[in-house]
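Undergrad: take this sequence and fold it.
(one chain, ligands or ions: 2)
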Amino acid sequence: MARHLKLLVQRWSSRVFSVEVDGAPRYFGVREQLRGEPVPPDVFSEVQKQDRCYSLLVCSGDRVTGDRFHWELRDRLQTQLPPGSGLRSMSSFIPDQKGSLLKGYFLQSRAGNSSLIEDILTDLEQRNPVLVCSYSQSEDGQQWTQCLWYQSEENRVRFCVVPSETPKHHPSVLNMINSDVFYSLQEACDVLKQCGDIIPETRSVLEMLPSSLDARRKPDFPVIVIEGLDATGKTTLTESLRDSLGATLLRSPPQCLSAWRGRFDREPPLIRRAFYAVGNYITAGQINQEASKSPVIVDRFWHSTAAYAIATAVTGPLSNLPHEGAEVYRWPGDLLQPSLVILLTLDPEERKRRLRSRGLMKTDEEEELDHNKLFRLRVEEAYRRIVGPACTALDASPSADLVLQQALLLIRAKCHL
Ligand SMILES: Nc1ncnc2c1ncn2[C@@H]1O[C@H](COP(=O)(O)OP(=O)(O)OP(=O)(O)O)[C@@H](O)[C@H]1O
Ligand SMILES: Nc1ccn([C@@H]2O[C@H](COP(=O)(O)O)[C@@H](O)[C@H]2O)c(=O)n1
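TA: Ligands and ions are numbered 1, 2, ... in the order given. Model (predicted):
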């Protein structure tokens, strides 16, 4: 453990630290020596004189263990910390260095609570792959310093906390590929296989995969995917298209995974996204079979998996998304490409009205779509940026019958049906 940490802190002062405040990241860095006048970074601007701050960064060599620990740590801290302790998401990364992201939490403790909090943190650091730092303020309140807890009191290096520029990329973008968005079946399967002991259901999921998948094989009949946020009318349209075109209707995740979906929805992003990624390949196997007999309509596919994953991994405004044309919006090379992807778009008020009138249970992400306007905008924009194939937007606000007619026009034009 100590060796692992020493390697990690070798480039400590080239790291940037990011703390989430009101849904957007604020950045700071550390230096061995202060040059010029001290400027307290704005993360510390509201911290009272006697308060102390701490950071915990998860630094497990094994990403499944690390992600699960990071996921559980929030609940653990929320139950153990004394009331009034501020708890925010934080991360640390080396700008532009892929894979350098470490995730964790930033705590702000009220005066008088420090010894209790330090006991909790010491215990956590001793038993888990976590790196703890504490932050303290100079007498005149002008300067914050950071020190690494794993170093013994006498060897403790004090780093000066300094403001840091907003990086070119949102920190999460550095670790997105094959963590949030999987670009091959192999990568997604590797994550699920690693979970076999802790989530026995993964074995049953992996057994559903077809023995072979050839993404280059062109289906005999067109494959049309219908995408969109929840309650935009996908079920209504896909069922009508099935009847109008004499098509087969499939969905992703496929029906055969329904029993295990709830289990994976409770897991951290790495495992949850790997589950949905594998679901797309199982659906691709079903498409291959059915598209030799009839057109196939698919209710959600790769666009949904990637768009929700990207929009959840980053926070804040649209400008925090990976830029248009970025690698993360590419279609995976080993996944069947549909002939057409239709994205149903709907005014947020009408979508809410439809949700209310339907009144079904919602997933956490669907709840988030309702409450967090920025999250909804990020999902919609990520949908639009995905290419290979890109989606064709269709206004879903007219009557169900009119939406069907418009969809049929698009399908006939593109797929010559
Ligand atoms: N064009 C339309 N005009 C008015 N209401 C519609 C239209 N299309 C669907 N609806 C209604 O809106 C609600 C949501 O539709 P639907 O279940 O088809 O959406 P969905 O995109 O499949 O949702 P989810 O992704 O959450 O399953 C339903 O009550 C449905 O009857
Ligand atoms: N291909 C897919 C399909 C769905 N998801 C995730 O599921 C949620 C929406 O699904 P509904 O059945 O409720 O419409 C959404 O939160 C996605 O994260 C996916 O990732 N890939």
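
Undergrad: and the helix or strand that contains residue 284, does that touch ligand 2?
TA: Assigned by DSSP states H and E, residue 284 belongs to helix 269-290. Yes - using Cβ under 6 Å from any ligand atom, helix 269-290 reaches ligand 2 at 276, 280. For the C-beta atoms, the positions are set from N, CA and C on the backbone; glycine is no exception.

Undergrad: for that helix, list every residue counted as buried.
TA: Across helix 269-290, burial judged by 16 or more other Cβ atoms under 10 Å covers 269-288, 290.

Undergrad: any idea of the mean pLDDT in the next helix-or-strand element following that helix?
TA: On the C-terminal side of helix 269-290, the closest following helix or strand by DSSP H and E is strand 296-299. On average, the pLDDT along strand 296-299 is 98.

Undergrad: cool, and stretch 137-155?
TA: Model confidence over stretch 137-155, given as mean pLDDT, is 84.

Undergrad: send the alpha carbons of it over as PDB?
TA: Output in PDB follows, covering the C-alpha atoms of stretch 137-155 (Å, rounded to 0.1, in the frame of the first residue of the first chain):
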ATOM      1  CA  GLN A 137      -5.600  27.500   7.300                       C
ATOM      2  CA  SER A 138      -2.800  29.900   8.300                       C
ATOM      3  CA  GLU A 139      -3.400  32.200  11.300                       C
ATOM      4  CA  ASP A 140      -4.200  35.200   9.100                       C
ATOM      5  CA  GLY A 141      -6.600  33.100   7.000                       C
ATOM      6  CA  GLN A 142      -4.700  33.900   3.800                       C
ATOM      7  CA  GLN A 143      -3.100  30.500   3.100                       C
ATOM      8  CA  TRP A 144      -4.400  26.900   3.000                       C
ATOM      9  CA  THR A 145      -2.000  24.000   3.200                       C
ATOM     10  CA  GLN A 146      -2.500  20.300   2.400                       C
ATOM     11  CA  CYS A 147      -0.800  17.400   4.000                       C
ATOM     12  CA  LEU A 148      -0.900  13.700   3.200                       C
ATOM     13  CA  TRP A 149      -1.900  11.600   6.200                       C
ATOM     14  CA  TYR A 150      -0.100   8.400   5.300                       C
ATOM     15  CA  GLN A 151       3.200  10.300   6.000                       C
ATOM     16  CA  SER A 152       4.200  10.200   9.700                       C
ATOM     17  CA  GLU A 153       3.800  13.400  11.600                       C
ATOM     18  CA  GLU A 154       7.600  14.200  11.500                       C
ATOM     19  CA  ASN A 155       7.900  13.400   7.700                       C
END
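
Undergrad: so which residues make contact with that stretch?
TA: Applying Cβ atoms under 8 Å, 6 or more residues apart in numbering, the set of residues contacting stretch 137-155 from outside is 2, 5, 9, 12, 30, 34, 38, 40-41, 44, 47, 49, 53, 55, 121-122, 125, 131-136, 156-161.

Undergrad: just how off-centre is stretch 36-48 within its chain?
TA: In this view, stretch 36-48 has its centroid 30 Å away from the chain centroid, taken as Cα atoms, centre = their mean, to the nearest Å.

Undergrad: what's the straight distance from one end of it to the other?
TA: With Cα to Cα, to the nearest Å as the measure, the ends of stretch 36-48 fall 24 Å from one another.

Undergrad: what's the mean pLDDT across it?
TA: Here the average pLDDT along stretch 36-48 is 79.

Undergrad: buried ones in it?
TA: The neighbour-count check on stretch 36-48 (16+ other Cβ under 10 Å) flags 38, 40, 41, 43, 44, 47 as buried.

Undergrad: who in the protein is up against ligand 1?
TA: Residues of the chain lying near ligand 1 by Cβ under 6 Å from any ligand atom: 228, 230-236, 354, 357-358, 396, 399-400, 403.

Undergrad: hey, what's residue 181 bridged with?
TA: With DSSP bridges applied, residue 181 shows beta-bridge pairing to residue 177.

Undergrad: just the pLDDT at it, thanks.
TA: Per-residue confidence at residue 181 stands at 97 (pLDDT).

Undergrad: OK, contacts around the residue sitting nearest the centre point of the chain?
TA: In the chain, the C-alpha closest to the average C-alpha coordinate belongs to residue 313, at a distance of 3.1 Å (Cα atoms, centre = their mean). For residue 313, the residues meeting the contact criterion (Cβ under 8 Å, 6+ apart) are 172, 173, 176, 180, 269.

Undergrad: gap between it and ligand 1?
TA: Counting by Cβ to the nearest ligand atom, to the nearest Å, the separation of residue 313 from ligand 1 is 21 Å.

Undergrad: swap in residue 328?
TA: 23 Å.

Undergrad: what is the neighbour count of that residue?
TA: Applying other Cβ atoms under 10 Å, we find 20 residues neighbouring residue 328.

Undergrad: list the contacts for it?
TA: Contacts were defined as Cβ under 8 Å, 6+ apart; by that measure residue 328 touches 173, 176, 177, 181, 306, 310, 322.

Undergrad: quick check: the two most widely separated of those residues?
TA: 173 and 306 (13.4 Å; Cβ to Cβ).

Undergrad: comparing those two, which residue is more hemmed in?
TA: residue 306 (28 against 24).

Undergrad: so that one touches residue 181, yeah?
TA: Yes - Residue 306 lies in contact with residue 181 (Cβ atoms under 8 Å); the separation is 5.1 Å.

Undergrad: separation between the closest residue to residue 291 other than its chain neighbours and ligand 1?
TA: In space, residue 291 comes closest to residue 219 once its chain neighbours are excluded; the distance is 3.4 Å by Cβ to Cβ, 6 or more residues apart in numbering. With the distance defined as Cβ to the nearest ligand atom, residue 219 ends up 24 Å from ligand 1.

Undergrad: just the element for residue 105, please.
TA: Assigned by DSSP H and E, residue 105 belongs to strand 102-109.

Undergrad: doesn't residue 205 make contact with residue 257?
TA: Yes - here residue 257 lies in contact with residue 205, judged by Cβ under 8 Å, at a distance of 6.3 Å.

Undergrad: find the residues that touch each one of these two.
TA: Overlap between the contact sets of residue 257 and residue 205, as judged by Cβ under 8 Å, 6+ apart, is given by residue 275.

Undergrad: these two - which one has more neighbours?
TA: When neighbours are counted by other Cβ under 10 Å, residue 205 comes out ahead of the other of residue 257 and residue 205, with 25 against 21.

Undergrad: quick one: secondary structure of that one?
TA: Applying DSSP: H, G, I helix; E, B strand; the rest coil to residue 205 yields a three-state assignment of helix.
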